[in-house]
Structure formats: C-alpha cells, structure tokens
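Asks: missing the sequence, but the structure's below:
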C-alpha cells in the first residue's frame, strides 16, 4: 500500500476514534522496533492503535501477523518507558476498508 493510502486510512481511523469518545494523545510514534500509528485515551486507559487498511476486511486483517504484533508490543513498552508511564493500556487495531471502519480492542496473540 502506498504511503498516501496509509495516511488516508490513518486520518479516517483518527476521526472514527474521536467520534467514539477517544482523545488522541499522539500519532506516529517511532522506535527501533516499529511504529505506533495512533495513541489514544478513553476512560483512563491508553490505547495503542495499529491501523490496517485494504479493499476488503479479510485482506486488511491478514496483515496483523505474530511478528508485527511482537514488534508493536515492543514499541508500546518503549513508549511507556520513554514517557515514564505506569498506566492501564491495551493494544487495538482499527480496520479501514472503503465500506467500513471497525475497532478491535485489546488484541492478543
């Protein structure tokens, strides 16, 4: 996917999260392990959000691999350490397709 399409998907995901009561804390946090697309907060919980997009839901969700999730989790812990945070958090995915946007909260392996 092109970076431009990725940016559009991230913008749609950000708007979706805001519409659903989330506050955006930060976007595009990088570590040597990878990137966190969106960091949001809701009800005292920090949500680390990976945005995946595709023409169809199944194609987008297939891009969440164990390796990707492992790198993402390492980046979450880098963020928490760098910001010296001890808070409740979860790892979420927002799936963006031309037809829909869906939030999958608290994903695990």
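Replies: Sure thing, it's come through. Bear in mind that the values here come from a model prediction, so they are computed numbers and not experimental data.

Asks: for the rest of this, base every contact and every neighbour count on C-alpha atoms.
Replies: Will do.

Asks: okay, now the unreliable bits of the protein?
Replies: 1-2, 109 (pLDDT under 70).

Asks: can you give me the helices in it?
Replies: Per DSSP state H, the chain carries helices over the ranges 3-19, 57-61, 66-82.

Asks: ok, which of those helices comes nearest residue 50?
Replies: When the helices of the chain are compared by C-alpha to C-alpha, helix 66-82 sits nearest residue 50, at 8.2 Å.

Asks: how far away from the center of its chain is the closest one?
Replies: Computed by C-alpha atoms, centre = their mean, to the nearest Å, the chain-centroid distance of helix 66-82 equals 11 Å.

Asks: what do you get for stretch 43-62?
Replies: Stretch 43-62 has its C-alpha centroid displaced from the chain centroid by 6 Å (C-alpha atoms, centre = their mean).

Asks: what is the end-to-end distance of that stretch?
Replies: End-to-end distance of stretch 43-62 (C-alpha to C-alpha, to the nearest Å): 29 Å.

Asks: residues near residue 97, how many?
Replies: Counted with other C-alpha atoms under 10 Å, residues neighbouring residue 97 total 19.

Asks: just residue 26 next, same as before
Replies: 13.

Asks: re earlier: turn the helices of the chain into TSV, including mean neighbour count.
Replies: Shown next, in TSV, are these (neighbours: other C-alpha atoms under 10 Å):
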stretch	mean neighbour count
helix 3-19	16
helix 57-61	16
helix 66-82	16
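
Asks: of all those, which one is nearest residue 46?
Replies: Closest among those, using C-alpha to C-alpha: helix 66-82, at 10.1 Å.

Asks: residues in contact with the closest one?
Replies: Applying C-alpha atoms under 8 Å, 6 or more residues apart in numbering, the set of residues contacting helix 66-82 from outside is 29, 30, 31, 32, 33, 34, 35, 36, 48, 86, 91, 109.

Asks: keep only those of the residues you listed that are in strands.
Replies: 29, 30, 31, 34, 35, 36, 48, 91 (DSSP state E).
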